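Student: 3D model of this:
(one chain, ligands or ions: 1)
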Amino acid sequence: MLAAGKLPYIDIESSCNSTRVEINAVAQSMDRLNIGLMALSADIGKNQFGKGVRFDNLSNKLLASHPDRFIPVGNGGQPPALTEATDEFLDAQETAARKKHIMLFGEFEFRHYPSPRQAKRGDTDRDVHVPIDGPIGHRVFGLSEKIGIPFQIHYEIEDDLLAPLEKMLEQYPKAKVIWCHLAQIRYIERANRYTAVYIDSLIKRFPNLYFDTAFGDPTSVYPPSNQRHARVWTAIGGIKSEWRELIVAYPKRFLSALDLGQDRIDRIAEYDQKHRNFLTRLPTETQHQVAYRSAWSLLFGEEFA
Ligand SMILES: [Zn+2]
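Tutor: Numbering: from 1, shown residues only. Next up, the predicted model:
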């Protein structure tokens, strides 16, 4: 892709329902859109959970059919699996990691408001709060530290939630944490402390903290608050200078991501275009770092060459 003058990227955070995803169609879209690799995790939904599934081996299937396109990743950490069968679920993720069947843990939802689509449907299923400094948090941070592979967190931005996260980052300095959805603030009145200066301070304090750049476009609105929740954007659709400068200063800490889900996986072209619109706002060198070099060195422990 690089040789053809294209900018490939590594999507570090997408998920799907493994019983419904059409793997070949996703792979074909990736080729068409110059998406280099994708960490496509399986969410164990209520149905699968009810059937006793505690680990979904989608990654094995993806690697068997398309080893050059997918990063093997664990399952999305969300209810009911995470909260109602915690030990079984986490034991299975740990086993997969120890056997090197996965090189990244999925996105753990510690604080998750209903998604915009769920909110529109009045669905509060994913109004999740699992204390990050509670038993599940300690287990997940500890796993990453012991095994040495990264995990992703979905952690809504609220003033009161920052101290517990900082405490965990301090206690587990070797845990590799990808905080998904940079600057996605659903309710600005709950988030006075989260600024580019604050993130700069976290980056300096915590060398193993990363951020993915899956967020809405400049006009995206979170319906429950009626606010434009992707705060990196200016009103006219550029990147605010403080966020741009932060990413340019620490490009190794920022990762490309699409955040596809099963309900939007067929909209991959639209998500790709939005993400590329963001990338093109960065200097060329930074684009290449954020698009694939950061994920490459995080996952493979070496510089992309
Ligand atoms: Zn998320």
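Student: what helix or strand is Asp73 on?
Tutor: To be clear, residue 73 is Val; Asp isn't right here. Under DSSP states H and E, no helix or strand contains Val73.
Student: what is the burial count for it?
Tutor: 30 (other CB atoms under 10 Å). Backbone N, C-alpha and C define where each C-beta goes, glycine included.
Student: do Asp160 as well
Tutor: Neighbour number of Asp160 under other CB under 10 Å is 10.
Student: tell me the secondary structure for it?
Tutor: Look at Asp160: counting by DSSP: H, G, I helix; E, B strand; the rest coil, its state is helix.
Student: what does Glu242 give?
Tutor: helix.
Student: quick check: pLDDT value at it.
Tutor: Predicted confidence (pLDDT) for Glu242: 98.
Student: quick check, it in contact with Tyr198.
Tutor: No. The pair Glu242 / Tyr198 is not scored as a contact, 10.7 Å apart, by CB atoms under 8 Å.
Student: and Gly45, how close does it get to Asp91?
Tutor: Per CB to CB, to the nearest Å, Gly45 is found 20 Å from Asp91.
Student: more neighbours, these two?
Tutor: Taking other CB under 10 Å, Gly45 and Asp91 do not tie; Gly45 has more neighbours (19 against 14).
Student: and this structure, which residues reach the ion?
Tutor: Contact residues, the chain versus the ion (CB under 5 Å from the ion): His154, Cys180.
Student: in the chain, which spans are strands?
Tutor: 9-16, 35-42, 107-112, 128-129, 151-155, 177-179, 209-212, 221-222, 227-228, 254-255 (DSSP state E).
Student: looking at those, which one is packed in the most?
Tutor: Comparing the strands of the chain by mean neighbour count (mean count of other CB atoms under 10 Å), strand 254-255 comes out on top with a mean of 28.
Student: gap between the two ends of stretch 111-121?
Tutor: 20 Å (CA to CA, to the nearest Å).
Student: can you start the count at 31 instead of 1 from here on
Tutor: Yes, from this point I'll number from 31; that puts the last item at stretch 141-151.
Student: how about it: buried residues?
Tutor: With burial defined by 16 or more other CB atoms under 10 Å, the residues of stretch 141-151 counted as buried are Arg141, His142, Tyr143, Pro144, Ser145, Pro146, Gln148, Ala149.
Student: now swap in stretch 98-111 and tell me
Tutor: Arg99, Phe100, Ile101, Pro102, Val103, Gly104, Asn105, Gly106, Gly107, Gln108, Pro109, Ala111.
Student: will you turn those residues into TSV that also has pLDDT and distance to Gln214?
Tutor: Below are the buried residues of stretch 98-111 laid out as TSV (pLDDT from 0 to 100; distance: CB to CB, whole Å):
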residue	pLDDT	distance to Gln214
Arg99	97	27
Phe100	98	25
Ile101	97	22
Pro102	98	26
Val103	98	21
Gly104	98	22
Asn105	98	22
Gly106	97	17
Gly107	97	18
Gln108	95	17
Pro109	95	21
Ala111	97	24
